[in-house]
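1. pasting a predicted model and its sequence here:
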Amino acid sequence: MPPLSRVLMWGIAFAVWAALPFVATRHIVDLLVFAGLYAIAGLGVAFLLGQCGIVSLAQSVFYGIGAYCTAWFCAHQALPSPVGIAAGIALSTGIAALVGWPILRLSGHFLALATLALGIIGQVLFLEWDGITGGTLGIGGIPRIAPFGFAFDTPLRFYFLVWPIALLLLVLHHNLLHSRNGLALRAMRDSPEAAAALGVDIHKLKVQIFVLSAALGSAAGSLFAHYVTFVSVDSFSIDRAISFLLLAVLGGVYTVWGPVLGALFITVLPQWLSRLGDIHALVFAAALIAAVILLPEGFGGAIRKWWHARVAK
Amino acid sequence: MTAEMAAEMTAEMTAEMSMAAQTADPLLQVRQISHSFGGLHVLRGVDFGVPAGSLTGLIGPNGAGKSTLFNIISGFLPPQRGSVRFDGRDITRDPVRTRARAGLVRTFQTPKVFGKLSVRENLMVGCHRHLASGVAGNMLRSRRSRAEMELMHAQAAQAGERFGLSEVMERPAGQVPAGMQRLVELARGCLSRPRLLMLDEPSSGLNTTEIGQLRELLQRLNREGITILLVSHDMQLVDVASRVHVLCFGSIIASGAMAQIKQDERVRQAYLGFQ
């Protein structure tokens, strides 16, 4: 694409993104904030699945750890937001490294089951360690993020916090994908034996990506806690882990920005369909099935294919 | 900067290769390797060496145990008995990646290209073991990370020209013809600057002209200092080897120059089919 068209395209995209929360209803902006949070957590899951072939059902645990660390440090200890976020990331990445080292020696459905077990254990611990997590009652009164006295205390304001963070993380992932280790990851996905025969440390690379994915999940969880100001175990169930996986698959795991499309799909569409009344869940399920069957590489893959075909013409 | 780095890399490569060529002991020494699958004895006390700087052949009929031996040497299969020494060091229990990092690089009987990656990217992965940037540096596009990418691009372009792949550089490697996939694998292996390049049936699926070209290529690589261990049942190709070992029913039954091998009674009976 000529540079001018590219600049124009990005300019239009930016203008739409910036104008959207001012023309949309508060409810829609709220959904877009959640889509941004889910896109951050889903990005880690998509990266694991698309580049390492790892199906992870443990992302809800790291999402929960981030949220509870923020709740505990900021609400109970009255420490500033960065402390809670950093503690969540440190704890999540530590656990991911410790658990990932042994379980990432597994592969295929055995590995998926191991991550599912991790997700279930996490959910039980969130429920049982009520001294820290508040159990079913949860933790409330989590302060808003307020750097230099500016509080991100409305959906509109949070929209302009969460989406630039998501964009930054997408750029970082794009950089990784187009680097020495990104190439090694993609090589490993296509042929692990050949990659190992060229000196790629497959296990170490998988653990590193698992840790990175956990950091993303934790950061999204911390932001979630600051946004809703209340966390309870219901937000970190296996259903949440399945949602992250779903958005990754729907959005497309082979494109960096696929999870954004997937996150928008799973947050905005059900709400939009809810006007249909009781059958909205059925319609959403049908839309999911259709998307998976018709777009095996997700929305991102389909758009990329369409774009390449258009450029080739 | 790119050209300078490429030149530096080539100089390092030549120095490494000449050092290998000057070593008196075999670069690779296989000792008393035995392996069975259930009751089937595939290898029975195999002994042989690959001198540094040589082009050594390992031949044998189907089922002789060549691939099993190859997998044991490259670390894909642990032997039940015996040892593998590389550059004087026991590597019998080392994982594949450690052997690869030591310079023992292999290709596969069925070419294993990274199908979704372009030919250029396949070649770039070949440079992986000589570079050191980490995941964090890659994400932040550190100076080192950018320099490495430039270097990988330059090396891949050079190798693409050298191996006749320039015209298919941007195509997904899984979509180029089988003969070219072999070249991609070979070029990728060479980019990893091997001390020993092990080729498993590299002529499989190639026509006579392509086999002739492959012969020339192997001779050229060997002249440049790469030690090569060639496993094949193709006599036309193995003819390029300075020394050949014949494996039959899990044992080495003859070793020597190809002319000698062809005269060996046991080889003629067991492999070449002469009486």
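-> It's in. Only a predicted model underlies this, so the values are computations on that prediction, with no experimental measurement involved. Residues are numbered from 1 along each chain as shown, chains lettered A, B, ... in the order given.

2. show me the helices in the stretch 201-313 of chain A, by range?
-> A:202-228, A:238-251, A:258-273, A:280-294, A:298-312 (DSSP state H, counting those that start in this stretch).

3. so how far is stretch A:94-107 from its chain's centroid?
-> The chain centre lies 19 Å from the centre of stretch A:94-107; the measure is C-alpha atoms, centre = their mean, to the nearest Å.

4. how about the CA coordinates for it, as PDB?
-> This file holds the C-alpha atoms of stretch A:94-107, laid out as PDB (Å, rounded to 0.1, in the frame of the first residue of the first chain):
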ATOM      1  CA  GLY A  94       6.400 -16.400  39.100                       C
ATOM      2  CA  ILE A  95       3.500 -18.900  39.300                       C
ATOM      3  CA  ALA A  96       3.500 -19.200  35.500                       C
ATOM      4  CA  ALA A  97       7.200 -20.000  35.400                       C
ATOM      5  CA  LEU A  98       7.000 -22.500  38.300                       C
ATOM      6  CA  VAL A  99       4.000 -24.300  37.000                       C
ATOM      7  CA  GLY A 100       4.800 -23.800  33.300                       C
ATOM      8  CA  TRP A 101       8.300 -25.400  33.500                       C
ATOM      9  CA  PRO A 102       6.900 -28.900  34.300                       C
ATOM     10  CA  ILE A 103       3.500 -28.800  32.500                       C
ATOM     11  CA  LEU A 104       4.900 -27.300  29.200                       C
ATOM     12  CA  ARG A 105       6.700 -30.600  28.700                       C
ATOM     13  CA  LEU A 106       3.300 -32.000  27.900                       C
ATOM     14  CA  SER A 107       1.700 -31.400  24.600                       C
END
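
5. looking at the helices of the stretch 201-313 of chain A, spot the one closest to chain B.
-> Ranking these by proximity to chain B (C-beta to the nearest C-beta) places helix A:202-228 first, at 5.0 Å. For glycine as for every other residue, the C-beta is placed from the backbone atoms N, C-alpha and C.

6. just give the closest residue to the residue most central in space within chain A, not the sequence neighbours.
-> Centroid check for chain A by C-alpha atoms, centre = their mean gives A:Ala41 as the closest residue, at 1.7 Å. Excluding the flanking residues, the one nearest A:Ala41 by C-beta to C-beta, 6 or more residues apart in numbering or on different chains is A:Ala220, at 3.8 Å.

7. close enough to count as contact, the one you found and A:Val33?
-> No - the criterion here is C-beta atoms under 8 Å, and A:Ala220 misses it with A:Val33 at 11.4 Å.

8. okay, those two: which has more neighbours?
-> Taking other C-beta atoms under 10 Å in any protein chain shown, A:Ala220 and A:Val33 do not tie; A:Ala220 has more neighbours (30 against 27).

9. check contacts around the more buried one.
-> A:Ala220 is in contact with A:37-38, A:40-41, A:63, A:66, counting by C-beta atoms under 8 Å, 6 or more residues apart in numbering or on different chains.

10. for the chain, what are the low-confidence residue spans?
-> Using chain A. Applying pLDDT under 70 to chain A picks out residues A:1-2.

11. nope, chain B
-> For chain B, the ranges with pLDDT under 70 are B:1-24, B:271-275.

12. how is it carved up into domains?
-> B:2-103+B:195-272, B:118-192 (automatic domain parsing).

13. quick one: closest of the ones you listed to A:Leu185.
-> A:Leu185 sits nearest to domain B:118-192 of all the domains of chain B, at 9.3 Å, using C-beta to C-beta.

14. how much space between A:Trp101 and chain B?
-> In this view, A:Trp101 and chain B are 15 Å apart by C-beta to the nearest C-beta, to the nearest Å.

15. nope, A:Gln123 is what I was after
-> 29 Å.

16. part of a strand, is that residue?
-> No - per DSSP: H, G, I helix; E, B strand; the rest coil, A:Gln123 lies outside any strand segment and is helix.

17. could you find the closest non-adjacent residue to it?
-> If the residues on either side of it in the chain are set aside, A:Gln123 comes closest to A:Ser237, at 5.6 Å by C-beta to C-beta, 6+ apart.

18. right, and the residue nearest to the centre of chain A touches A:Ala214 too?
-> No - using C-beta under 8 Å, A:Ala41 makes no contact with A:Ala214, being 10.0 Å away.

19. quick one on the thing from earlier: which of the helices of the stretch 201-313 of chain A sits closest to B:Gly57?
-> Nearest of the helices of the stretch 201-313 of chain A (C-beta to C-beta): helix A:202-228, 31.0 Å.

20. got the angle for the closest one vs helix A:238-251?
-> Following axes from the mean of the first three to the mean of the last three C-alpha atoms, to 10 degrees, one obtains 110 degrees for the angle between helix A:202-228 and helix A:238-251.

21. gap between helix A:202-228 and the chain center?
-> That offset, for helix A:202-228, works out to 8 Å (C-alpha atoms, centre = their mean).
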